[in-house]
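In: Got a predicted structure here, sequence first:
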Amino acid sequence: MQPPSRRTFLALGLITLTTACTSSTGADPNGAVMPGDKGPGPDPDAPVRLRAIAATDTLLSAYDALLATPATRTAQLQSLRAETAQHRAALAYGIPAASVPPTPGTPTTPPSATTPAALATLERQTAQSHLADLGAARPPLARLLASVAAADALHAAALGAPPDQPGPTGTPTPAATPGAALPALQKALSAEHAAVYGYGVVGAHLPEDQQRADARTCYAAHQAQRDAWQRLLTTLGATPTPAAGGYQLPFAVTDAPTATKLAAHLETRLTTVYADLVADLPAPQRQPAATALRDCTLRAHHWGAPTTAFPGIPDPLPTPTATPN
């Protein structure tokens, strides 16, 4: 990876990255399915949400079984269990309590077959079940499902599972991608342009060791995704947004620690881009954006970014407000 040939700066920290689902209506700006989004009659997302809740409850039961055994009770396991409970609360928000099964409690007899490795496998299976329902969900819920699936993949890695292989660089089927998605696709392309340049800066400040090799791998992955969005936009008859002539760094990069901090910043910003893109794309075409969200989440963690229960979106539960006496 060659250092930049001219003095330019990274703009990803300044590019306007949407934090709301632009294609949905009546949704909470954080991406949650709010009660007012349902309108009269039954919630059309209820079957999807109840399936997601059931899968999450299975995960919670497995966590509780491990936590009931002193030998496997760890602070990390408790933290992952707490994030999984947050997922359940977000998925169940707004559903009448009578429709939602109770949260499982600590089992009295932990299953003897439950191990961290088995739990990691279950995390991955849960992520896949969420992704399988992307096409059946309305945009705000699809965004939430993709975020939770990315968190599940991160949990699996934390539990010792081999890292997920990066998903194939893919794009939605052009014929099924309406023009309404073009602005979101252009934003994704702009963010990838900045990421490609950013990893040039990162690599130039890392020693010739495993970190630089990792930066090269990330650089190539973002080049491939950039090229995929360019091809799709061209096929759709749009002119792909070109790379900017100059970019401004979000902070000074002068050595290896600040270079790894920049890499974490790049990937974290991209999780927001791809969470939004999941919601903006047509229902059958969301998988590539969800895969990109997962891959950026894992790369952000690799570079030391703080973990979050909802990669790419803020906490989707609204903040309680005081009511007058």
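Out: Nice, I can see it. Numbers count the residues shown, from 1 in each chain.

In: Tell me where the stretch 51-200 of the chain is predicted with low confidence.
Out: 98, 104-113, 164-178 (pLDDT under 70).

In: what about the helices in it?
Out: In the stretch 51-200 of the chain, the helices defined using DSSP state H, counting those that start in this stretch lie at 75-92, 116-132, 139-158, 182-204.

In: Run through the neighbouring helices and strands of the longest one.
Out: Spelled out, it's helix 182-204. Using 3 or more Cβ pairs under 8 Å, 6 or more residues apart in numbering; DSSP states H and E, the elements in contact with helix 182-204 are helix 210-235, helix 256-280. Every residue, glycine included, has its C-beta placed from N, CA and C.

In: The shortest one too?
Out: Secondary structure elements in contact with helix 116-132, counted by 3+ Cβ pairs under 8 Å, 6+ apart, are helix 46-67, helix 139-158, helix 287-302.

In: can you pull the buried residues of it?
Out: Across helix 116-132, burial judged by 16 or more other Cβ atoms under 10 Å covers 116, 119, 120, 122, 123, 124, 126, 127, 129, 130, 131.

In: Could you do stretch 179-191 as well?
Out: Across stretch 179-191, burial judged by 16+ other Cβ under 10 Å covers 181, 182, 184, 185, 186, 187, 188, 189, 190, 191.

In: CA atoms only: put stretch 70-79 into PDB for me.
Out: C-alpha atoms of stretch 70-79 as PDB (Å, rounded to 0.1, in the frame of the first residue of the first chain):
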ATOM      1  CA  PRO A  70     -19.600 -20.900  38.300                       C
ATOM      2  CA  ALA A  71     -16.800 -22.200  36.000                       C
ATOM      3  CA  THR A  72     -18.200 -20.400  33.000                       C
ATOM      4  CA  ARG A  73     -19.500 -17.300  34.700                       C
ATOM      5  CA  THR A  74     -17.400 -14.300  33.500                       C
ATOM      6  CA  ALA A  75     -17.800 -10.600  33.200                       C
ATOM      7  CA  GLN A  76     -17.600 -10.900  29.400                       C
ATOM      8  CA  LEU A  77     -20.400 -13.400  29.300                       C
ATOM      9  CA  GLN A  78     -22.500 -11.200  31.500                       C
ATOM     10  CA  SER A  79     -21.800  -8.200  29.200                       C
END
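
In: now what about that stretch, what contacts it?
Out: For stretch 70-79, the external contacting residues (Cβ atoms under 8 Å, 6 or more residues apart in numbering) are 63, 66, 67, 115, 116, 158.

In: ok, 10 Å please
Out: Residues from elsewhere that reach stretch 70-79 (Cβ atoms under 10 Å, 6 or more residues apart in numbering): 63, 65-67, 80, 110, 114-116, 119, 155, 158-159, 307, 309.

In: Nothing else from me, thank you.
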